[in-house]
Structure formats: C-alpha cells, structure tokens
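**Q** Just to be clear, the model below is a prediction. Sequence and coordinates:
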Amino acid sequence: MNSRYFNSIIVCAFNEEENIFQCLSSIEKAVQKIINYEVLVINNGSSDNTNLKIKDFFNNSSKIFVNNLKVFNIDHVGLSEARNFGIKECNGAFISFVDADAYAECRSFWKDDADFYESFDEIANTIIAEHIEEATAEFQLELDLGV
C-alpha cells in the first residue's frame, strides 16, 4: 500500500447480481465530494451474473468514477480472504469496506471538518509516543538485567 489515494473503498461480492449495481451506485453518489479515492470491487468467484452487472454499471457510470474503479475477478474464497486481497491491492491511507448488499450514505467516506485531521494527527502522534516509551522501557529493563 503506497497511499496514492486518501480513501480505498473495498466491495467484495459473491453472487450479488441483485445488489451490486445499487451498491456501486450508492458509492458513486457518496464519493461525489471527494477527489482522492479508489473503489475496488472483488468479484469473489460469483457463479451468477454479478460480473455482468458490474460491467453494466461500469458502462453506465460517470467517467470520473470509472477512472477510480478497479474490478478483480478471483476464484471463490472466504470473505476475509477476499477482503485481504483487496487490502493488498489498494493504495489508500484509509480503507473502508462496503458489503455488496449494502448502500453507502453520502457522508460515508469524507469529512469536511478540519478537527478530524487534527484529531487523527494527535491520535497517531500519541500512539507513536506510547510505543517509543514502551520500547525504551523494555530496552532499559534489558540493560538493567544484562540481557
């Protein structure tokens, strides 16, 4: 993952021909206010017409959205493995999962509040500082014990 995108949205689908078009449509609507995103659709070995519905969506969507849409057809695996595949293929700093039978709300993937970014930085810095303190304490203990 190289964080080329701010948001990576992963949709895993297995035999979701009845839902995938509406799911992707809701994501397309939800990301209208963000620029830096990607959507990865993992077609998890579907034996129905899920792939045809994805192609239909692809052919009927905005060019901007389609340019940020990646579709992967994989052999059927469990949901966790399909999501892990998506994680390995994504490029976002933040990862969201949307079930293929669910719909995304308009504010699902973006936050216009600067406090969000400040809070994120503060949390990240706190976590890093705590890990440094733990590592330093463990190292000092090893020195004291002569390990």
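**A** Looks like it arrived, so ask away.

**Q** From now on I want contacts and neighbour counts done on CA atoms only, so please keep to that.
**A** Noted.

**Q** which regions of this protein sit below the pLDDT cut-off?
**A** For the chain, the stretches flagged by pLDDT under 70 are 1-5, 106-131, 147.

**Q** domain assignment for it?
**A** 5-110, 113-147 (automatic domain parsing).

**Q** In JSON lines, list those domains along with mean neighbour count.
**A** Shown next, in JSON lines, are these (neighbours: other CA atoms under 10 Å):
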{"stretch": "domain 5-110", "mean neighbour count": "18"}
{"stretch": "domain 113-147", "mean neighbour count": "11"}
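
**Q** Quick one: the helices in the chain, in order.
**A** Using DSSP state H, the helices of the chain run over 20-30, 50-59, 63-67, 79-89, 114-145.

**Q** For the residue most central in space within the chain, give its distance to Val66.
**A** The centroid of the chain falls nearest to Ile95 when counting by CA atoms, centre = their mean (2.9 Å). Counting by CA to CA, to the nearest Å, the gap from Ile95 to Val66 is 19 Å.

**Q** picking up where we left off before, identify the bridge partners of the residue nearest to the centre of the chain.
**A** Ser8 (DSSP bridges).

**Q** For it, which residues are in contact?
**A** Counting by CA atoms under 8 Å, 6 or more residues apart in numbering, Ile95 touches Asn7, Ser8, Ile9, Ile10, Ile87.

**Q** Gln32 and Phe65: what is the separation?
**A** Gln32 is 9 Å from Phe65, by CA to CA.

**Q** now do Phe14
**A** Distance from Phe14 to Phe65, by CA to CA: 22 Å.

**Q** same question, Val77
**A** Val77 is 27 Å from Phe65, by CA to CA.

**Q** got it, and Asp48?
**A** Counting by CA to CA, the separation of Asp48 from Phe65 is 25 Å.

**Q** just checking, Lys70 touches Val41?
**A** Yes: using CA atoms under 8 Å as the test, Lys70 is close enough to Val41 to be in contact (6.2 Å).

**Q** what sits in contact with each of these two?
**A** Contacts common to Lys70 and Val41, judged by CA under 8 Å, 6+ apart, are absent.

**Q** so who does Glu17 touch?
**A** Contacts of Glu17 (CA under 8 Å, 6+ apart): Asp48, Asn49, Thr50, Asn51, Lys53.
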